[in-house]
Each structure stands twice: as C-alpha cells, then as structure tokens.
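Participant: Below is the sequence, then the predicted model.
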Amino acid sequence: MGDRLAVGVRLWAVCPACVGVAALLLAGCAKPASEPAEADMWSLVGPTMGTRYSLSVVGGDQQAADRLRRLVDERLAVVNKRMSTYDPGSELSRFNASDSIDWFGVSAETALVVRSALELAEATGGAYDPTVGPLVNLWGFGPDGRRDTRPTDDEIARAAERVGYGFVEARLDPPALRKQRPGVYVDLSSIAKGHGVDVVAELLEREGVAAFMVEIGGEVRTRGEKPGGRPWRIGVEKVAGDATTDSADRPLQLIVELRGESLATSGDYRNFFELGGRRYSHTIDPKSGEPVEHDLATVTVQAETCREADGLATALLVLGPRAGYDWAVERGVAALLVSRSESDEHLEQTTPGWDERVAVAPTQPTGPTGADEP
C-alpha cells in the first residue's frame, strides 16, 4: 500500500462497533508504480470502531505481520469494550446508564481518556464538551438517525440540561468516574479514534517496530521514515465535491509530510442536513444547543499524539474561524483552518505553529494521485 492517505472528515454513523457516535470517512490509498523499495514495506487492514484501521510497516516478514495483526485486533477490541457507547456492556455505556452519583469504577485507560477530554473541555471553556451527546442525538446525528423537523426549543432545553463537562469527574487512583446528576452522558467519539491510533502505535513500538504509519478512519500517527529516508505523505482533502464521491477522486488541499508526528482532521462539510433553506451542521455548539453557524468547514491539527490532535481539531471546529484561530495561536497549536466563502475558493488560515513545524509538500494538479509521486 502506498503512503498517500487522504484525511477525511467526521461523519456520524449508526454502527454497533463504533466507539461513540462518530466515524471518520476512510480515504483510499494509491500505490505509486514508480516509488522504489516498496518491497521493504508491508501493510495490514482490519475492521474497528465502525470503520477500519490500516498499518504500513517498514521491515519484518509475514510471520511478524500475522503476530501484529492478532495483537492489534486484540488491543482495539479492548478499547472498544471499554469506551463504546454502542455496546451496552462497555464500561462507558454502563456508567452512562447508571443513575448513581457515587464513584463508578472503570479501567485506568477509560479514566485517563475521560480525564483528557475534561481537561480539553476546561481549556476551551466548554466549546469542546464530551457530554454533548444528548444534543447530537436530538439533532439527528446520533444513533437515533436523521430527523425531518427541527427540534423545538423545549426539546433543546431539556437535552441541554444533561450537557455540561462540569457534571463529570474522572479519578485516576483508583480509576473511577462520577456524575453529579443522573442522565449525564459521556461520549468519547471525538478522541477515541485518536486514542486507538496511539495505543496501536505504542504496541508497535513495544514490539520493536522502528518505522510505521497507523491510521484509523483518517486519524494518523507515524514513526520513523519510509525506505530511502522518505517521509510519510498524508493528503488533506479539499472542501469540495459530493459526499458520495470516491475518496480517490477528491482533490487535495495539501500534502503533509510526517516523520513521527500525528495528524487529525475534523470537518462538517460532508455531514449536514437542510430544512427550510437552512443548513444544519452536525457540529453542535454545547453552549447554544444548536449546530454551529460559522463558516469554518475543516480543521487539521498536527500534534505529538493522535488523541491530542483529534480532540483539538474538534474543539477548533466548534470555536470557529476567529475564536478557534486565536485560541490555537495563543497555545501554540499547529493547525490549518479552512473556511467557506461566497466564491469557489475557500479561505485557508495556518497558525504560526503550523507554519513553523509542519512540512508541506506541493500537490499535483491531478489531485490525490499527486501525493504518491516520488
């Protein structure tokens, strides 16, 4: 498999295997016929979290591949069993279903991921909120499916009573969660895939793999380089085209070269509905209880870990083009923000952190295949 991966945007999906209510549109990969030393690489693909994972690994043999497939499948199954809101028996689902306001014991892993989500919520003043699930479901972007009418103000107000990151606590020792009012619902979909990428990357490192790319539903983490000292090249899609367009046919905004970093994209231009001539995004503002109304279409973040990149991309998308950009600049986040405009051209903003730390390769006029050229 070639190293070009078009990072897609977040789509809400109804799937019992999903961790939470979000899945990412997985892009296809193209293999360049002219690139050398591809025989030194091998790949694995498998289902997980309502989408699929893919690994590209430098070195090793078929025996190593078979062992890693088993280990990766087992590790991701554990994550799903702990954090899926589609599995009623998962730790998170059982916590959500409980009306108790006492400490609820969970694994150290679940407590850590919830703690990370709550810290990001605090840092963004609640623009990012892992308890926003009731509002997402109300607006028809959750497991209950689409709706053909706008929620009433009373319905929004009732759902909003269950939303608020301050209603949840996470304790690491001993690991446990606690809600301050019954009905609070924690959903980790905005960082769970990034976390899944990280745990697979950590597994590969423990197994002694020196160079690899891990991807789950469009969230990416890399280590080392490809054969010949070449970087991993990741294509970020343009905000263009029909949602049903095959990923291989979509044009690219740019190509990012990674040598050990993580990359995540969050966007809303492929998942929305229209009623009465108004466009309703799947990105819900926890403060208003309604879909965001700004023009920011996608956010791509590069960070050390994929969980961090995943959560930050979602947070900036909620904050919008101005507040999101300012927040990212103030905290040194490496981010690319692409907004809609009245013309066919979209407005692109990059933070100083992006300009300083992200290596961008030129795209080819032919679109996605350009990312595969040596």
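Facilitator: It's in.

Participant: Tell me how many other residues surround E304.
Facilitator: 12 (other C-beta atoms under 10 Å). Quick note: C-beta positions are derived from backbone N, CA and C, even for glycine.

Participant: Please report the distance of the most centrally placed residue in the chain from E91.
Facilitator: The centroid of the chain falls nearest to D310 when counting by C-alpha atoms, centre = their mean (4.4 Å). Computed as C-beta to C-beta, to the nearest Å, the D310 to E91 distance reads 20 Å.

Participant: what do you get for R146?
Facilitator: With the distance defined as C-beta to C-beta, R146 ends up 29 Å from E91.

Participant: ok, those two, which is more surrounded?
Facilitator: Neighbours were counted for R146 and for E91 using other C-beta under 10 Å; E91 has more, 22 against 11.

Participant: so who does the more buried one touch?
Facilitator: For E91, the contact set (C-beta atoms under 8 Å, 6 or more residues apart in numbering) comprises K81, R82, M83, V106, S107, T110.

Participant: ok, so of those residues, who is nearest T300?
Facilitator: M83 (23.9 Å; C-beta to C-beta).

Participant: so the closest one sits right up against L92, yeah?
Facilitator: Yes. Using C-beta atoms under 8 Å, M83 is in contact with L92, at 5.1 Å.

Participant: Look up the residues that both of those two are in contact with.
Facilitator: T110, L188.

Participant: the more surrounded of those two?
Facilitator: M83 (29 against 25).

Participant: now for the helix or strand where L68 lies, which elements pack on it?
Facilitator: For L68, the element it lies in under DSSP states H and E is helix 62-83. Applying 3 or more C-beta pairs under 8 Å, 6 or more residues apart in numbering; DSSP states H and E, we find helix 62-83 packed against strand 41-48, strand 51-58, helix 91-97, helix 108-123, helix 189-206.

Participant: Can you give me the buried ones in it?
Facilitator: In terms of neighbour count (16 or more other C-beta atoms under 10 Å), helix 62-83 has its buried residues at L68, V72, R75, L76, V79, N80, K81, R82, M83.

Participant: got the contact list for the second one?
Facilitator: Read that as V72. L44, G46, Y53, L55, V200, L203.

Participant: of those residues, buried ones?
Facilitator: Using 16+ other C-beta under 10 Å, the buried ones in the contacts of V72 are L44, Y53, L55, V200, L203.

Participant: Return the closest of those residues with respect to A123.
Facilitator: Set against A123, the nearest of the buried ones among the contacts of V72 by C-beta to C-beta is V200 (26.1 Å).

Participant: what is the residue lying closest to that closest one once chain neighbours are set aside paired to in the beta sheet?
Facilitator: In space, and not counting its chain neighbours, V200 is closest to V214: 4.8 Å by C-beta to C-beta, 6 or more residues apart in numbering. Counting by DSSP bridges, V214 is bridged to L55, R221.

Participant: and the gap between V214 and G50?
Facilitator: In this view, V214 and G50 are 17 Å apart by C-beta to C-beta.

Participant: angle of the helix holding L68 against strand 51-58?
Facilitator: For helix 62-83 against strand 51-58, the angle by axes from the mean of the first three to the mean of the last three C-alpha atoms, to 10 degrees is 140 degrees.

Participant: next one: helix 62-83 to chain centre, how far?
Facilitator: Remark: helix 62-83 is offset 20 Å from the chain centroid, using C-alpha atoms, centre = their mean, to the nearest Å.

Participant: swap in stretch 100-115?
Facilitator: In terms of C-alpha atoms, centre = their mean, the centre of stretch 100-115 is set 22 Å apart from its chain centre.

Participant: next one: stretch 118-129
Facilitator: That offset, for stretch 118-129, works out to 16 Å (C-alpha atoms, centre = their mean).

Participant: Mind listing what's buried along it?
Facilitator: Buried positions in stretch 118-129, judged by neighbour count with 16+ other C-beta under 10 Å: L118, L120, A121, T124, G126, A127, Y128, D129.

Participant: How about the third one: what's its closest non-neighbour residue?
Facilitator: So that's A121. Y165 (3.8 Å).

Participant: for stretch 176-193, how far is the first residue from the last?
Facilitator: End-to-end distance for stretch 176-193: 21 Å, by C-alpha to C-alpha, to the nearest Å.

Participant: Use 34 as the first number from now on
Facilitator: Yep, numbering from 34; the last one is stretch 209-226 now.

Participant: looking only at pLDDT, what's the mean for that stretch?
Facilitator: Taken as a whole, stretch 209-226 has an average pLDDT of 93.

Participant: which regions of the chain sit below the pLDDT cut-off?
Facilitator: Residue ranges of the chain with pLDDT under 70: 34-72, 176-177, 273-283, 302-307, 376-377, 396-407.

Participant: And the helices in it, which stretches?
Facilitator: 95-116, 124-130, 141-156, 166-171, 186-193, 222-239, 339-352, 354-363, 385-390 (DSSP state H).

Participant: from the contacts of V105, which is closest to P260?
Facilitator: L88 (15.7 Å).

Participant: residue contacts, the closest one?
Facilitator: S76, L77, V78, L101, V105, V233, L237, F245, M246, V247, E248.

Participant: let's see it at 10 Å
Facilitator: 34, 75-79, 98, 101-102, 105, 233-234, 237, 242, 245-249 (C-beta atoms under 10 Å, 6 or more residues apart in numbering).

Participant: Turn the helices and strands packed on helix 95-116 into JSON lines, including distance to V325.
Facilitator: Compiled in JSON lines, those are given as follows (distance: least, C-beta to C-beta, whole Å):
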{"stretch": "strand 74-81", "distance to V325": "29"}
{"stretch": "strand 84-91", "distance to V325": "24"}
{"stretch": "helix 124-130", "distance to V325": "24"}
{"stretch": "helix 141-156", "distance to V325": "16"}
{"stretch": "helix 222-239", "distance to V325": "14"}
